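S.K.: sequence plus predicted model, see below.
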Amino acid sequence: MEGYRRLLETNERWVAERLGERPDFFTRLTGTQDPDFVWIGCADSRVPAETVTGCAPGELFVHRNVANQVVHTDLNMLTVVFYAVEQLRVRHVIVCGHYGCGGVKAAMSGQDFGLINRWLQNIKDCAERHQEELGRLPREEDRLRRLVELNVLEQVDHLAKMSVIQRAWKMEGRPWLHGWVYDMDTGRLSELVLRTATDLPHPVHRFDIPE
Ligand code: CO
């Protein structure tokens, strides 16, 4: 039970180390933040955004949920993306999935998870849209790995369908949208897709944005 104290004690040491490096380590960030990156990742404890990217406080604006979803009715995600793009004017939005994702695995399991089914349905829909490609993979392990990738690509496409992204693309040519996947077995990140201002979504999802 008392294991939680380690976190508070570690924090004390971490503060002392950072202040040893530079006395203004914390105070330089208190007035403002100017991150270049938004990270939309899985809530999984094994994919800590700052740790795997070597980012320091002030560098990553983070949103995490189960299976790194970009769901158009998710007010939490929308607020993060709107604030980051319009106010912080970030240059990059990264959607990062990971192999071995429990959310993706649960979505493909057929098990009834109650309330959680609603969230997992987004992944089931993704699997259904790509059933032909997934069906060609004989091993379940490979199907799950590919679905992790397809899920990332789809979430990046969801970002491209947002007016806030298309407006920033037209006005300032940012942000670049990145789809990455993290391999928990090796610790490595891989790039799946990079979408920039010319990579608009299907015409039905394009907005008329005044000059
Ligand atoms: Co996951």
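M.R.: Nice, thanks for sending it over. Numbering: from 1, shown residues only.
S.K.: what about the nearest residue to residue 19 once chain neighbours are set aside, neighbour count?
M.R.: Among residues not flanking residue 19 along the chain, residue 25 sits closest, at 5.9 Å (Cβ to Cβ, 6 or more residues apart in numbering). Bear in mind the C-beta positions are built from the backbone N, C-alpha and C, glycine included. The burial count assigned to residue 25 is 15, neighbours taken as other Cβ atoms under 10 Å.
S.K.: helix/strand/coil for residue 25?
M.R.: coil (DSSP: H, G, I helix; E, B strand; the rest coil).
S.K.: could you check the pLDDT of it?
M.R.: Residue 25 is assigned 94 on the pLDDT scale.
S.K.: how close does it sit to residue 7?
M.R.: 19 Å (Cβ to Cβ, to the nearest Å).
S.K.: same deal with residue 129?
M.R.: Taken as Cβ to Cβ, the span from residue 129 to residue 7 is 41 Å.
S.K.: and for residue 98?
M.R.: 23 Å.
S.K.: show me which of those two is the more surrounded one.
M.R.: A direct count of neighbours by other Cβ under 10 Å for residue 98 and residue 7 places residue 98 higher, at 24 against 8.
S.K.: per-domain residue ranges of the protein.
M.R.: 1-31, 32-205 (automatic domain parsing).
S.K.: quick one: pLDDT of the residue nearest the centre of the chain?
M.R.: For the chain, the residue nearest the mean C-alpha position is residue 40 (1.8 Å; Cα atoms, centre = their mean). Looking at residue 40, its pLDDT is 98.
S.K.: related to what we said a few turns ago, most packed of the domains of the chain?
M.R.: Ranked by mean neighbour count under mean count of other Cβ atoms under 10 Å, the domains of the chain are led by domain 32-205, which reaches a mean of 17.
S.K.: good, we can wrap up now.
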